[in-house]
Structure formats: C-alpha cells, structure tokens
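1. got a structure for you, letters missing:
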C-alpha cells in the first residue's frame, strides 16, 4: 500500500465543526456571564465565571473591561482560523470551550 492510498486516521474528523458550534455556545455563555456581572454591580471588569458545556462546569477568568459583541465575534473568527492550523489537544466539549475562553482572555 502506497502513501497516497493509505488511509490517514485523523484524531477527530469533525473538529472544525465542533469548534464552530462549541465556540458559538461558549460566546453566548460569556455574554450571559458578562451581563450578569454588570447587572450585579461588577462594573466594567472583574472575575467572570462562564458556564461551559452541558455538565454545569464553569471557567473563571479575569476581565478588565466589558467586551462588545462585535469584538467577541471577531475573536471567534480568529480562533477558528487558528484552530484550523493548530487543532487543540483536548477535542472534548469542555476542552474546546476552555481553549476558546483562554484565547479570549489572552486577547483582551
């Protein structure tokens, strides 16, 4: 069997699809957590607890300002482009969500 006919097993064939849908869910959770923080008197920054996945797990992150929807959408597009070249090690729902939130945290 030659190299061109050999089956190449990928770690997960739908990683980009998963990243797309999970990052959208995570973005919505981020916006909800940010809205809750500002309604509770958190002002423009502080510790943000974002719900990830369906298991009730949360990811805590520090934000210094409120992040607008347009900026989050831009960051999501950038993250998806980055992941297409550098797939995450942990392709579970929680792993992708944590990776995306970490990306947001590093960019803002």
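-> Great, that's in hand. Note that the structure is predicted; figures quoted are calculated from it, not measured.

2. When you work out contacts or count neighbours from here on, use the C-alpha atoms and nothing else.
-> OK.

3. Which strand or helix spans residue 55?
-> For residue 55, there is no helix or strand it lies in under DSSP states H and E.

4. Show the residue spans covered by the strands in the protein.
-> 46-52, 57-63 (DSSP state E).

5. I'd like to know which of those has the weakest mean confidence.
-> For the strands of the chain, mean pLDDT drops lowest on strand 46-52, to a mean of 89.

6. Give me the angle between that one and strand 57-63.
-> Angle, strand 46-52 to strand 57-63, by axes from the mean of the first three to the mean of the last three Cα atoms, to 10 degrees: 150 degrees.

7. Identify the residues contacting strand 46-52?
-> With contact meaning Cα atoms under 8 Å, 6 or more residues apart in numbering, strand 46-52 is reached by 26, 29-30, 33-34, 37, 57-65, 94, 97-98.

8. per-residue confidence for residue 79?
-> Looking at residue 79, the pLDDT reads 96.

9. Check whether it really touches residue 100, as I assumed.
-> Yes: under the criterion of Cα atoms under 8 Å, residue 79 makes contact with residue 100 at 7.0 Å.

10. Neighbour count: these two, which is higher?
-> Taking residue 79 and residue 100 together and counting by other Cα atoms under 10 Å, residue 100 has the greater number of neighbours (24 against 20).

11. Who are the contact partners of that one?
-> 23, 26, 76, 79.

12. Inside helices: which ones of these?
-> 23, 26, 76, 79 (DSSP state H).

13. What distance do you get for the first one to residue 73?
-> For residue 23, the distance to residue 73 (Cα to Cα, to the nearest Å) stands at 10 Å.

14. Compare the two (neighbour count), which wins?
-> residue 23 (25 against 14).

15. quick one: that one and residue 41, what's the gap?
-> 27 Å.

16. Ignoring the adjacent residues along the chain, who's closest to residue 69?
-> Leaving aside its chain neighbours, residue 69 sits nearest to residue 31 (7.7 Å; criterion: Cα to Cα, 6 or more residues apart in numbering).

17. So what's the residue count around that neighbour?
-> Counted with other Cα under 10 Å, residue 31 comes out at 17.

18. Now do the buried residues in the helix or strand bottoming out on mean pLDDT in the chain.
-> The weakest-scoring helix or strand in the chain, judged by mean pLDDT, DSSP states H and E, is strand 46-52 (a mean of 89). Neighbour-count burial for strand 46-52 flags 46, 48-52 (criterion: 16 or more other Cα atoms under 10 Å).
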